[in-house]
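**Q** Need the 3D shape of this:
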Amino acid sequence: MTTELKQKEDVKPELTAAEHPATKYLREERLPHIWCSGCGLGSAVTSLTNAYEKLGIPVDDIGVVSGIGCAGRAAGYFETDSYHTTHGRAIPFATGLKLSNPKMNVTVFSGDGDLFAIGGNHFIHAARRNVDMTVICVNNYNFGMTGGQFGPTTPRGATATTSPYGNYENPFNLPDLAASAGAIYVARWTTVHARRIQKAMEEALSKKGFSFVEILSPCPTGYGRKNQLGEGIDELKSYQDRAVIKHGSDPNEAEIERDPEAEIVVGKFVDIDRPTYCEVADDYLQGK
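**A** Numbers count the residues shown, from 1 in each chain. Sure thing, here's the model as predicted:
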């Protein structure tokens, strides 16, 4: 008997039949995913499915909405009501979904380019209105799917296909933008912080109102290669070395710099409560 056959005989049937409890949220027939080696999107999706499972949210009660870009592909992997929408319009689609079915747990899962370039106005107004949804932004500092152009979060001085001599525009500080616009929950983590990402997602999904979680993710194929950052594991090591947890700190101080020695502020910045858009609208209609 060969060693391989012997090993197969030694495997217990209950182990080969075991299934991860969170896989019910995924379309397994579409796996493995198409994201590049070293990309953090797979980790972010795993954290989200684990958060759904931990909270016990039924598959039929979840709507996942994505825009265009690398992160936008995520909608196709969820075994939920999922919508891969037009560029920059994930939040308007999600708003319509929430208004038509207020009991649904609506999650927007998209990237920095989609949410904050063409989609920027939609983000700030949904936050201002406090529409009840969770927005997860996987930030890789560039338009990764369309060639690695610089975008609204690209650090100053960073190289991209459209800034070969270095980006000279000031980037958005996403936690500060979200907090200023009115988000009731704001957190930032990196893909190194897998358990903390899941915890943040659980908290955000449990909040009534507009909650926002930023996830800093390696993009070794696009951003990393052009800025000599090495492989995905090298970017993760950089996050590990540079990340400083500052819960409750002023998000205005959470700017990200290109300097490989500069700290990256992570943590939970905002966790408050205020009436949601639907609650305010209902009160208005009732004459309160």
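**Q** Now His66, what are its backbone angles?
**A** Actually, residue 66 is Ser. It isn't His. Main-chain torsions, Ser66, degrees, to the nearest 10: phi -130, psi 160.
**Q** tally of neighbours for it?
**A** By other C-beta atoms under 10 Å, 27 other residues sit near Ser66. Glycine gets a C-beta too; all of them are placed from N, C-alpha and C.
**Q** any idea how far Phe78 is from it?
**A** 9 Å (C-beta to C-beta, to the nearest Å).
**Q** How about Gly63?
**A** Gly63 is 9 Å from Phe78, by C-beta to C-beta.
**Q** The nearest residue to Lys54 once chain neighbours are set aside: what's it in contact with?
**A** Leaving aside its chain neighbours, Lys54 sits nearest to Glu202 (5.7 Å; criterion: C-beta to C-beta, 6 or more residues apart in numbering). By C-beta atoms under 8 Å, 6 or more residues apart in numbering, the residues touching Glu202 are Ala51, Lys54, Leu55.
**Q** Is Glu202 in a helix, a strand, or coil?
**A** Three-state assignment for Glu202 (DSSP: H, G, I helix; E, B strand; the rest coil): helix.
**Q** Could you do Thr134 as well?
**A** strand.
**Q** could we number from 5 for the rest of this?
**A** Sure thing, new numbering starts at 5, so read that last one as Thr138.
**Q** didn't it look like it was pressed against Ser210?
**A** No. At 9.2 Å, Thr138 does not count as touching Ser210 under the criterion of C-beta atoms under 8 Å.
**Q** More neighbours: those two, which one.
**A** Thr138 (25 against 14).
**Q** Name whatever forms a beta bridge with that one.
**A** Legend: beta-bridge partners of Thr138 under DSSP bridges are Thr111, Ser215.
**Q** For it, list the residues it contacts.
**A** Going by C-beta under 8 Å, 6+ apart, the list of residues near Thr138 reads Asn109, Val110, Thr111, Val112, Met205, Ala208, Leu209, Lys211, Ser215, Phe216, Val217.
**Q** Try it again at 6 Å.
**A** Counting by C-beta atoms under 6 Å, 6 or more residues apart in numbering, Thr138 touches Thr111, Ala208, Leu209, Ser215.
**Q** Please report how far the first one lies from Val135.
**A** For Thr111, the distance to Val135 under the criterion C-beta to C-beta works out to 12 Å.
**Q** what does stretch 149-158 contact?
**A** Here stretch 149-158 has contacts from 73-74, 116-117, 120-121, 143, 145-147, 164-167, 171, 175-176, 226, using C-beta under 6 Å, 6+ apart.
**Q** from what I can see Leu178 touches Glu218, true?
**A** Yes. Contact criterion C-beta atoms under 6 Å: Leu178 and Glu218 qualify, at 4.9 Å.
**Q** Who has more neighbours out of the two?
**A** It is Glu218, of Leu178 and Glu218, that has more neighbours when counted by other C-beta under 10 Å, with 27 against 24.
**Q** residue boundaries of the strands in this protein?
**A** Assigned by DSSP state E, the chain shows strands spanning 66-70, 85-88, 109-115, 137-143, 146-147, 153-154, 189-194, 214-220, 247-249, 268-275.
**Q** Longest helix of the chain, counting residues only.
**A** Longest helix of the chain, by residue count under DSSP state H: helix 45-59.
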